[in-house]
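Undergrad: need a 3D model of the sequence below.
(one chain, ligands or ions: 1)
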Amino acid sequence: MKYDAIIVGAGFSGAVIAERLASQLDYKVLIIEKRNHIAGNCYDYAHTSGIRVHKYGPHLFHTNNESVWKYLSLFTEWSPYRHKVRGYVDEKYIPIPFNLKSLALTLPDSYQNLKRLLIDTYGYGSRVSICELLEAKNPELNKLANFVYEKVFVGYTVKQWGVAPEQLSQEVLKRVPVVISEEDGYFADKYQAMPIGGYSSLIESILSHKNIEIELDQDAHSLIEFDVKARKAKFSQKAGVIIYTGAVDELFSFKFGELDYRSLTFKLEEHSQEFYQPATTVNYPGNEKHTRTTEFKYIDNTSSDSTVIVKEFPQQYKRGVEGRDIPYYPLFDKKNEAIYLDYANHAKQFDNLFLAGRLAKFKYFNMDEAVQNALETSEQIIKQATA
Ligand code: UDP
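TA: Got it, this is the predicted structure:
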């Protein structure tokens, strides 16, 4: 057997597991990646303007997880970066998450009264989910909650997910709180930074171990077979461990039905001006077809005569249809969560098969959570190998 581990996918999850198995078990690892580059959806590159662009949408690193921060810091240096988002609401740019400044901009007449009510009820500095705010008994707070819900969440969510917010798991909306202060950073984590040199270079550094080989432009699905009796997943007849980070319904040939994902189309524009918009990202909860616009110049502070922005147009994922065939987000509703459970249980039959990452776990992992999940999966494999 030439390889001890086969890993499908060279994104954050696959890279971290490859590095751990290579360095901790001295495993020979082969990564099979269907794209022509590493780094998965974190992939970034230098645009002709010199500005680093995130090909598959903006990736902003933030974490409270000390071990993830320590681990990634073995492979990169960081440049501090606090992400700022504005929402284009009633022809004004308001801070997102909706905070006291957003309140002053959108409801100036009732600002003083509502501010006092919010502080008295939730405490200054608190971060309240819109779901919790909508349950407010006080009629004025309840009216405010509905105002924020309508202005900030409903339109954006329907565009992003193609379903009404009520159909989605509440965890999705809970990612973006209402903030009872003037604090206008998008995230509240202890560590907020961008890898110097970018994500592609960070992943390259993680993958630089001598035991790791990578095959690009290769679809692994037809190479994996399952032997229920032997409880093994097999890769071209070899039976080391297999770590799969792709879409789990595809791994099992859709035997329990297709899972739904949301896809995106990105429209990149270069503009001959210093800056295009007032913050890195502007969210559009209104009638525009796109959900958000991100201006990369704010992220890496490149000096350039022009600026580069990307507009995101969400759409339903359709397998095999060009332009719609990248699954970015699992659709977190009851139907899909039930189908996913069937796949997850089925996967447990194969002792040498491990699922990791946002697609294979069908979870809304941020990058740090994907790394944490990958570190845990590695520990599990190491434990099994050394038992
Ligand atoms: N959301 C919203 N309006 C906003 C920002 C977020 O309705 O201005 C909702 C929307 O459903 C979105 C979810 O909150 O998909 C999570 O937002 P986040 O910014 O975390 O999305 P991501 O960056 O992962 O696409």
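Undergrad: number of nearby residues for the residue lying closest to residue 324 once chain neighbours are set aside?
TA: Spatial nearest neighbour of residue 324, excluding adjacent residues (CB to CB, 6 or more residues apart in numbering): residue 318 at 4.5 Å. For glycine as for every other residue, the C-beta is placed from the backbone atoms N, C-alpha and C. Look at residue 318: counted by other CB atoms under 10 Å, it has 12 neighbours.
Undergrad: residues contacting residue 318?
TA: 263, 324-325 (CB atoms under 8 Å, 6 or more residues apart in numbering).
Undergrad: check which helix or strand it maps to.
TA: If you go by DSSP states H and E, residue 318 is not part of any helix or strand.
Undergrad: if you skip the residues just before and after it, what's nearest to residue 346?
TA: residue 252 is the one closest to residue 346 (CB to CB, 6+ apart), at 6.1 Å.
Undergrad: what does residue 302 give?
TA: Leaving aside its chain neighbours, residue 302 sits nearest to residue 51 (4.6 Å; criterion: CB to CB, 6+ apart).
Undergrad: and if you look at residue 189?
TA: residue 62 (4.1 Å).
Undergrad: one more: residue 104?
TA: Residue 104 sits nearest to residue 111 (CB to CB, 6+ apart), 4.9 Å away.
Undergrad: Three-state assignment for the closest residue in space to residue 295 that isn't next to it in sequence, please.
TA: Distances taken as CB to CB, 6+ apart place residue 309 nearest to residue 295, at 4.8 Å, with adjacent residues excluded. Classification of residue 309 by DSSP: H, G, I helix; E, B strand; the rest coil places it in strand.
Undergrad: again, but for residue 293
TA: Under three-state DSSP, residue 293 comes out as strand.
Undergrad: and for it, the neighbour number?
TA: Residues near residue 293, counting by other CB under 10 Å: 23.
Undergrad: so how far is residue 208 from it?
TA: Between residue 293 and residue 208 the computed distance is 35 Å (CB to CB, to the nearest Å).
Undergrad: what ranges do the strands span in the stretch 251-387 of the chain?
TA: Along the stretch 251-387 of the chain, counting by DSSP state E, counting those that start in this stretch, strands occupy 261-271, 281-283, 292-295, 307-316, 329-330, 353-355.
Undergrad: with the stretch 51-200 of the chain instead?
TA: With DSSP E, counting those that start in this stretch applied, the stretch 51-200 of the chain shows strands at 52-54, 62-63, 78-80, 85-89, 92-96, 127-128, 178-179, 191-195, listed in chain order.
Undergrad: turn those strands into TSV, including mean neighbour count.
TA: Shown next, in TSV, are the strands of the stretch 51-200 of the chain (neighbours: other CB atoms under 10 Å):
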stretch	mean neighbour count
strand 52-54	22
strand 62-63	20
strand 78-80	12
strand 85-89	22
strand 92-96	19
strand 127-128	18
strand 178-179	24
strand 191-195	20
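Undergrad: columns distance to residue 283 and mean pLDDT on top of those, output as TSV?
TA: Compiled in TSV, the strands of the stretch 51-200 of the chain are given as follows (distance: least, CB to CB, whole Å; pLDDT from 0 to 100):
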stretch	distance to residue 283	mean pLDDT
strand 52-54	17	98
strand 62-63	17	98
strand 78-80	23	97
strand 85-89	5	98
strand 92-96	5	98
strand 127-128	18	98
strand 178-179	14	98
strand 191-195	19	98
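Undergrad: who's whichever residue of the stretch 201-350 of the chain sits closest to the ligand bridged to?
TA: Closest contact between the stretch 201-350 of the chain and the ligand, by CB to the nearest ligand atom, is at residue 283 (3.8 Å). Here residue 283 sits in beta bridges with residue 87, residue 292, going by DSSP bridges.
Undergrad: got it, and residue 270?
TA: Where residue 270 sits in a bridge, its partners, by DSSP bridges, are residue 308.
Undergrad: up against the ligand, what does the stretch 251-387 of the chain have?
TA: Taking CB under 6 Å from any ligand atom as the contact definition, the stretch 251-387 of the chain meets the ligand at 283, 285.
Undergrad: show the pLDDT at residue 348.
TA: As predicted, residue 348 sits at a pLDDT of 98.
Undergrad: same question for residue 356.
TA: Per-residue confidence (pLDDT) for residue 356: 98.
Undergrad: quick one: it and residue 12 touch, right?
TA: No. Checked against CB atoms under 8 Å, the pair residue 356 and residue 12 is beyond contact range at 9.6 Å.
Undergrad: so where's the stretch 101-250 of the chain uncertain?
TA: 237, 239 (pLDDT under 70).
Undergrad: could you redo the last one with a cut-off of 90?
TA: For the stretch 101-250 of the chain, the stretches with pLDDT under 90 are 236-239.
Undergrad: count of residues packed around the residue of the stretch 201-350 of the chain closest to the ligand?
TA: As a burial measure, residue 283 scores 25 neighbours (other CB under 10 Å).
Undergrad: who are the packing partners of the longest helix that the chain contains?
TA: In the chain, taking DSSP state H as the definition, the longest helix is helix 367-386. Counting contacts by 3 or more CB pairs under 8 Å, 6 or more residues apart in numbering; DSSP states H and E, helix 367-386 packs against helix 12-25, strand 62-63, helix 66-72, strand 241-244, strand 353-355, helix 357-361.
Undergrad: rerun that using 6 Å as the cut-off
TA: Counting contacts by 3 or more CB pairs under 6 Å, 6 or more residues apart in numbering; DSSP states H and E, helix 367-386 packs against helix 12-25, helix 66-72.
Undergrad: which strands and helices sit next to the longest one?
TA: Where contact means 3+ CB pairs under 6 Å, 6+ apart, helix 12-25 is packed against strand 5-8, strand 29-32, helix 199-206, helix 367-386.
Undergrad: do the shortest one as well
TA: Other elements packing on helix 66-72 under the criterion 3+ CB pairs under 6 Å, 6+ apart are helix 367-386.
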